[in-house]
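>>> sequence first, predicted model second:
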Amino acid sequence: MKNPNPHALILETKAYAKDYSWRSWWCILSTAFLLAVATVVPLLHLPLAVKIVSSIFAGLLNLRLFVIYHDQQHHAILPKSRLAEGLMQIFGIWALSPSSIWRSSHNHHHNHNSKLRGSHIGSFPIMTKDQYLNSSASDRRYYLFMRHPLTILFGYVFVFFYGMTIYPFFNSPRKHIDCGISFLTHIAISAALVYFFSVSRAAIFVAAPVLLLWGLATVVTRWLNAKPREQNLRLGAVDENFLQMHALRIWRYFYQFGGERHHYLVPDNVEEK
């Protein structure tokens, strides 16, 4: 098979890169509405089981809206909408992932995929066995702490509250002013909840959705990676041709963007200059 033309490949994938504004707005508004409902329910005088279920849904909806936030920050959806940019910046403050630090750290993450050395902004540190054995005692303790399951479970505190707001704001206040706003916003929300409600309601309102989401991550991942049920289905000639055509396009995408330049990890965002 001949090597694919990069420009032809980009032209072929343009059909899949088109943004449908009405659909993007529907995803944003519907998810935000359901998230608001699921977040408020734990504050009401309802049975504990209802609050727990609502917190689980709030965590999942937080994740869904964060994925939308990710795509919008990459300008994959609503790239020219100032309203969408403003709403997503507000969500970034709420989600302890302010736009300024998210863009700088996430872009760094994309540009340094699968690199063992250097900064680990936007991801957990990775060491080989030899690197770990040759590291200092303090570096080993830091590495073990960052990779510990409890650190990952309490990502709300270590990854988001400290790593995404406190550290960048105090390191560069002018550049990351929104990080300071996010930090103060969460402190104010927590204080108001404890004052007007109770510690238990404040905890289930703020921390429970995140902790439950992180706790369910392994279960959800195992479910997604489970072997599919075998079904005796036969494809028609049209469907078979359709699948072969798109399989070829997918192969071309990995051939073009999954090479050494990207450290053999395909980027989740490709922009045409």
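Arrived safely, thanks for sending. Residues are numbered from 1 along each chain as shown.
>>> quick one, helices of the stretch 1-150 of the chain?
6-13, 21-40, 48-73, 82-94, 99-111, 129-133, 137-147, 149-153 (DSSP state H, counting those that start in this stretch).
>>> okay if I get those helices as TSV plus mean neighbour count and distance to Gln244?
For every residue, glycine as well, the C-beta is placed using N, CA and C. Below are the helices of the stretch 1-150 of the chain laid out as TSV (neighbours: other C-beta atoms under 10 Å; distance: least, C-beta to C-beta, whole Å):
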stretch	mean neighbour count	distance to Gln244
helix 6-13	13	15
helix 21-40	15	28
helix 48-73	18	29
helix 82-94	17	37
helix 99-111	17	31
helix 129-133	10	43
helix 137-147	12	42
helix 149-153	12	41
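>>> least confident of those, on average?
If you rank the helices of the stretch 1-150 of the chain by mean pLDDT, helix 6-13 sits at the bottom with a mean of 62.
>>> could you find the closest non-adjacent residue to Cys27?
Excluding the flanking residues, the one nearest Cys27 by C-beta to C-beta, 6 or more residues apart in numbering is Ile68, at 5.7 Å.
>>> for the helices of the stretch 1-150 of the chain, which one sits closest to Ile177?
Taking C-beta to C-beta as the criterion, helix 99-111 is the member of these that comes nearest to Ile177, at 7.6 Å.
>>> can you tell me the element Leu248 falls in?
If you go by DSSP states H and E, Leu248 is part of helix 237-257.
>>> that helix: how far from the chain's middle?
27 Å (C-alpha atoms, centre = their mean, to the nearest Å).
>>> from Val53, how far out is the residue nearest to Cys27?
From Ile68 across to Val53, the span is 23 Å (C-beta to C-beta, to the nearest Å).
>>> do the same with Ala237
Ala237 sits 47 Å away from Val53, taking C-beta to C-beta as the criterion.
>>> cool, Leu193 as well?
20 Å.
>>> so what pLDDT did Lys80 get?
Per-residue confidence (pLDDT) for Lys80: 89.
>>> could you check how many residues crowd around it?
9 (other C-beta atoms under 10 Å).
>>> so what's the residue nearest to Cys27 up against?
24, 27-28, 31, 77, 88 (C-beta atoms under 8 Å, 6 or more residues apart in numbering).
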